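**Student:** Prediction below, plus the sequence it came from.
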Amino acid sequence: CDDLPNSHLTVEDECDKTVEPTFSSTTEAGDSANEYTILNVWHAVDNCGNDAEYTQTISVVDTVAPTLTVPAHVTVSCTNIPETEATAADNCDNTVTAVETVTHVDGSCEGTYKIVRTWTATDAAGQSTSDSQTVSVVDHSAPTFVGTLPTSGSYAYTDVQPAVTLTATDVCGSATVTCTDSRTDGQCANEYTVTHNCVAEDECGNTKPHTWTDQYYDDVEPTLLNVPADVTAECDLSGVATATVTSDDGSLVTSHQNILEGDCTYAFTAVRSWTTTDCAGNPATEYQTITVEDNVAPVLSQPPNHTV
C-alpha cells in the first residue's frame, strides 16, 4: 500500500506521429480499507480511426503488521509507579491505535508486586502486534511511627511511668510495632533503669527501631525505728535508758548526745540524736529531748532539843 508504482504508457503509430492516448483509472474495494484493486486503462486512436486499448491491474495488499513503541521495563518504589503509554504506527493505516491491558502479579509481600502492561495494535487488515512493559514494584521504605515518640528521662522510683503503646504506618501497606522492656538494677534497692526497645516492621520486613530509657532514682529518706519519745527525768539521766534505734532499710545508725546546761547542776537538757544515710545518700535524723529537773528540797536531820 505504500509502494504504488508510477504508471506511464507510450504510444507509437507508423503513420500518425501525433497520436496521444486517453487515460482512465478506477478503484475496486478489497477486503479492507487498505486492500483494493486499481484498474488503469489507456485508449489510443490515430487519424484513420485505428484504436488500441491497454488495461493495467494493480492489486494493493497490506502484508505489514503495525509497529509498537513501548516504554522500557522499570523497577520502582510503591510510591513512584509511573503512568506510561505506548504508541502505534502502521504503513497503511494512519488510524491504528494501541489498546492496553493491565495484569497484576502478586509478590512475596504487600508492597512487592509486578504490573504487566500489554499493548496490542491491529490495523484495518486484521494484522496485529503486541508488546509489553513490566513495572517491578519494590518496598524498601521503612515504616513511620505515629505521633510524638517517648524520650529518655529520670524519675523518682515512686513515679513509675505508665506503659506506652506505639503505632506505625507504612507507605506501601501496613506495619506492626513490637516492644520489649529490660531492667538493669543499680547499686541501691530503689535505683534502676528500664530500657524500652520498640521496632516497627512492615509486611516486607523493613524495620525502624526506637529506644528510650526510664532511669529511676531514690529520693525518699529512710525511716528511723524505735525512736523514744521526749521525757522528763529527776536529777540526772540514770533513769533514762539508751534506746536501740534502727533504720527501716538496714543502713547504719549513729547516735549522739548533747547536754545543754540549765540554771543549776541538776537541771539541764539532754538531746539525743540518731542519724542514718541510706544507700542512695538520703539522710534522716530523729531526736529525743530529755529534760532533767531538780524539784526536791533537801531533807535536814535535826538534833533533838536539850535543856541544860
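**Tutor:** Structure's in. What do you need?
**Student:** Now residue 256. Nearest residue, chain neighbours left out?
**Tutor:** Spatial nearest neighbour of residue 256, excluding adjacent residues (C-beta to C-beta, 6 or more residues apart in numbering): residue 273 at 4.9 Å. All C-beta atoms are positioned from the backbone trio N, CA, C, and that covers glycine.
**Student:** Now that neighbour: which helix or strand?
**Tutor:** strand 267-277 (DSSP states H and E).
**Student:** for residue 80, helix, strand, or coil?
**Tutor:** Using DSSP: H, G, I helix; E, B strand; the rest coil, the structure places residue 80 in coil.
**Student:** distance of it from residue 236?
**Tutor:** Using C-beta to C-beta, to the nearest Å, we find residue 80 at a distance of 96 Å from residue 236.
**Student:** hang on, the earlier thing: tell me, how many residues neighbour the residue nearest to residue 256?
**Tutor:** Counted by other C-beta atoms under 10 Å, the residues lying close to residue 273 total 16.
**Student:** what pairs with the strand holding residue 273, and is each one parallel or antiparallel?
**Tutor:** strand 253-264 (antiparallel), strand 283-293 (antiparallel) (DSSP bridges).
**Student:** residues in contact with that strand?
**Tutor:** Residues lying outside strand 267-277 but in contact with it, judged by C-beta atoms under 8 Å, 6 or more residues apart in numbering, are 222, 224, 227, 237, 240, 242-243, 245, 247, 251-262, 283-294.
**Student:** now with 7 Å?
**Tutor:** 222, 224, 227, 237, 245, 247, 251-262, 283-294 (C-beta atoms under 7 Å, 6 or more residues apart in numbering).
**Student:** ok, the nearest residue in space to residue 184 that is not next to it in sequence - how many residues close by?
**Tutor:** If you skip the residues right next to it in sequence, residue 184 has residue 193 as its closest partner in space, 4.7 Å away by C-beta to C-beta, 6+ apart. A count of nearby residues for residue 193, using other C-beta under 10 Å, gives 16.
**Student:** Now do the SS call for residue 193.
**Tutor:** Following three-state DSSP, residue 193 is assigned to strand.
**Student:** What helices and strands are in contact with the lowest-mean-pLDDT helix or strand in the chain?
**Tutor:** Here the helix or strand of the chain ranked lowest by mean pLDDT, DSSP states H and E is strand 22-32, holding a mean of 82. Under the contact definition 3 or more C-beta pairs under 7 Å, 6 or more residues apart in numbering; DSSP states H and E, strand 22-32 sits against strand 35-45.
**Student:** Which positions within the strand it packs on qualify as buried?
**Tutor:** The neighbour-count check on strand 35-45 (16 or more other C-beta atoms under 10 Å) flags 35, 36, 38, 40, 42, 44, 45 as buried.
**Student:** Strand 22-32 and that one, what's the angle between them?
**Tutor:** Using axes from the mean of the first three to the mean of the last three C-alpha atoms, to 10 degrees, the inter-axis angle of strand 35-45 relative to strand 22-32 is 170 degrees.
**Student:** average pLDDT for strand 35-45?
**Tutor:** If you average the pLDDT over strand 35-45, you get 84.
**Student:** Contacts for it next, please.
**Tutor:** Applying C-beta under 7 Å, 6+ apart, the set of residues contacting strand 35-45 from outside is 7, 9, 11, 19, 21-30, 51-62, 125.
**Student:** What strands flank it, and is each parallel or antiparallel?
**Tutor:** Sheet pairing here is set by DSSP bridges, and for strand 35-45 it gives strand 22-32 (antiparallel), strand 51-60 (antiparallel).
**Student:** how much distance is there from stretch 10-28 to the middle of the chain?
**Tutor:** Offset of stretch 10-28 from its chain centre (C-alpha atoms, centre = their mean, to the nearest Å): 85 Å.
**Student:** Return the set of buried residues in it.
**Tutor:** Judged by neighbour count (16+ other C-beta under 10 Å), stretch 10-28 contains these buried residues: 11, 19, 21.
**Student:** Excluding residues flanking it in the chain, which one is nearest the first one?
**Tutor:** If I follow you right, that is residue 11. Of all residues apart from its sequence neighbours, residue 44 sits closest to residue 11 (C-beta to C-beta, 6+ apart), at 4.6 Å.
**Student:** so what's that neighbour bridging to?
**Tutor:** Checking residue 44 by DSSP bridges, which sets the bridge assignment, gives partners residue 52.
**Student:** again, but for residue 113
**Tutor:** Legend: beta-bridge partners of residue 113 under DSSP bridges are residue 106, residue 137.
**Student:** and the residue nearest to residue 271 when sequence neighbours are not counted, how far is that from residue 232?
**Tutor:** When the adjacent residues along the chain are set aside, residue 271 lies closest to residue 258, with 4.7 Å between them (C-beta to C-beta, 6+ apart). Separation of residue 258 from residue 232 (C-beta to C-beta): 17 Å.
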